[in-house]
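Student: Return a 3D structure for these sequence lines:
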Amino acid sequence: MFDLAGAVPTTIFSPAASPARAIFGLSILTLSIVFSIFLIVGGLLLYALIKYRERPGQEEREPAQLYGSNQIEISWTVIPILIVIVLFLATARVIIATERQRPPASALHVTVVGHQFWWEFRYPGTDVVTANELHIPTSSKPEERPTFLSMISADTDHSFWVPKLAGKMDVIPNKINVMWFDPDQPGLYLGQCSQYCGAQHAKMLIRVYAQEPADFDRWLKAQELPARQDPAMAAGRAVFEQNACMNCHRIRGTVADGRFGPDLTHFASRDTFASGAVTNTPDHLEQWIKDPAHYKDGALMPAMHLSDSDIALVTKYLESLH
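Tutor: Residues are numbered from 1 along each chain as shown. Below you'll find the predicted structure:
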């Protein structure tokens with residue numbers, strides 16, 4: 001369901017939402033102008049090299065000297081000015097069209113919080129809080145349902161960038177920045193924090209799952225439920241609640257109410273963890289709990305120093321939280 005189209009998952013040349021299409025059009029205009037300049041300059045240079053090359057038997061003399069040309073000077077002054085004006089107006093048009101868009105009544109609103117080094121997604125009006133994997137509905141006429149993101153940082157500067165959906169937007173402390181996108185096709189769209197934010201900046205990845213509206217509504221309804229309480233996982237839950245895990249992580253329906261780390265209420269429903277850097281499998285999770293630095297050096301989660309048996313119990317418990 002979430003196969004990526006194209007060989008490069010993070011390219012601006014395969015836009016899937018209105019802001020990305022506007023940026024794509026501006027990029028093509030800019031590349032066309034730059035390529036035209038390259039061809040003209042390169043062509044003139046090649047012409048001069050061929051026409052005025054040294055030939056056998058040619059008399060050595062100084063060529064005729066030209067001391068200025070008003071026409072040429074006016075041309076190489078006016079033409080660059082016109083090019084700059086065209087690019088300025090085209091860029092301003094895209095900025096205005098993308099940043100001044102007003103959310104319709106049907107829009108989905110999501111609060112994005114950047115952390116070192118992971119993303120938190122909150123769905124206002126619900127108790128749903130997820131980490132690293134953003135789920136949104138597709139949007140198409142006549143029932144458009146764009147997604148508007150209100151973004152802030154909990155620590156240092158970050159930048160939210162999913163190239164196929166929109167341009168970059170800084171995520172900084174004490175200021176809310178807003179961006180939006182409206183993919184019309186379901187799929188998985190990958191992105192990256194594009195502002196250096198510390199040791200694990202390169203592994204602060206973004207995964208956006210665009211789903212058909214009905215599928216998204218079912219996902220959101222399932223996420224609103226508290227954590228599944230399986231009696232067979234009572235021992236693993238006890239280990240989780242009796243150690244420092246509950247101080248940082250929240251699992252709705254239990255006494256664990258930490259807010260420093262990701263919400264783990266439906267952890268097993270995620271394809272990845274560690275901000276998209278690690279596939280969510282029991283083996284990977286066991287290694288992560290034992291030593292997070294094994295996968296993500298610089299992660300703020302410490303090694304828990306649990307026994308192998310306790311790590312196995314916690315892993316089974318977390319993998320039961322669908």
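
Student: And what about the nearest residue to residue 125 once chain neighbours are set aside, helix, strand or coil?
Tutor: Beyond its immediate neighbours in the sequence, the residue positioned closest to residue 125 (C-beta to C-beta, 6 or more residues apart in numbering) is residue 109, lying 7.9 Å away. Yep, even glycine has a C-beta here, placed from its N, CA and C like the rest. Three-state secondary structure (criterion: DSSP: H, G, I helix; E, B strand; the rest coil) places residue 109 in strand.

Student: same check, this time on residue 239
Tutor: Three states are possible here, and by three-state DSSP the one that applies to residue 239 is helix.

Student: Now do residue 251 against residue 322, distance only.
Tutor: To residue 322, residue 251 is 13 Å away according to C-beta to C-beta, to the nearest Å.

Student: and the two? which has more neighbours close in?
Tutor: Counting neighbours by other C-beta atoms under 10 Å for residue 251 and for residue 322 shows that residue 251 has the greater number, 24 against 13.

Student: Give me the neighbour count for the residue nearest to residue 125.
Tutor: The criterion is other C-beta under 10 Å. On that basis, residue 109 has 15 neighbouring residues.

Student: where does it land on pLDDT?
Tutor: The predicted local confidence for residue 109 comes out at a pLDDT of 97.

Student: Kindly report the same for residue 2.
Tutor: What the model reports as pLDDT for residue 2 is 40.

Student: repeat for residue 6
Tutor: Per-residue confidence at residue 6 stands at 47 (pLDDT).

Student: repeat for residue 25
Tutor: The per-residue pLDDT of residue 25 was computed as 95.

Student: Then residue 264?
Tutor: With respect to pLDDT, residue 264 has a value of 95.

Student: what's the answer for residue 88, then?
Tutor: pLDDT recorded at residue 88 is 96.

Student: Could you measure from the closest residue to residue 97 other than its chain neighbours over to residue 116?
Tutor: Of all residues beyond its chain neighbours, the one nearest residue 97 is residue 22 (5.8 Å), with distances taken as C-beta to C-beta, 6+ apart. Taken as C-beta to C-beta, the spacing of residue 22 relative to residue 116 amounts to 31 Å.

Student: how about residue 230, what does it touch?
Tutor: Taking C-beta atoms under 8 Å, 6 or more residues apart in numbering as the contact definition, residue 230 lies against residue 320.

Student: and what of residue 276?
Tutor: For residue 276, the contacting residues are 132, 133, 190, 203, 205, 206, 207, taking C-beta under 8 Å, 6+ apart as the criterion.

Student: looking at this, the last one is in a helix?
Tutor: In other words, residue 207. No: according to three-state DSSP, residue 207 belongs to no helix; its state is strand.

Student: And for it, the neighbour number?
Tutor: Number of residues near residue 207 (other C-beta under 10 Å) recorded here: 20.
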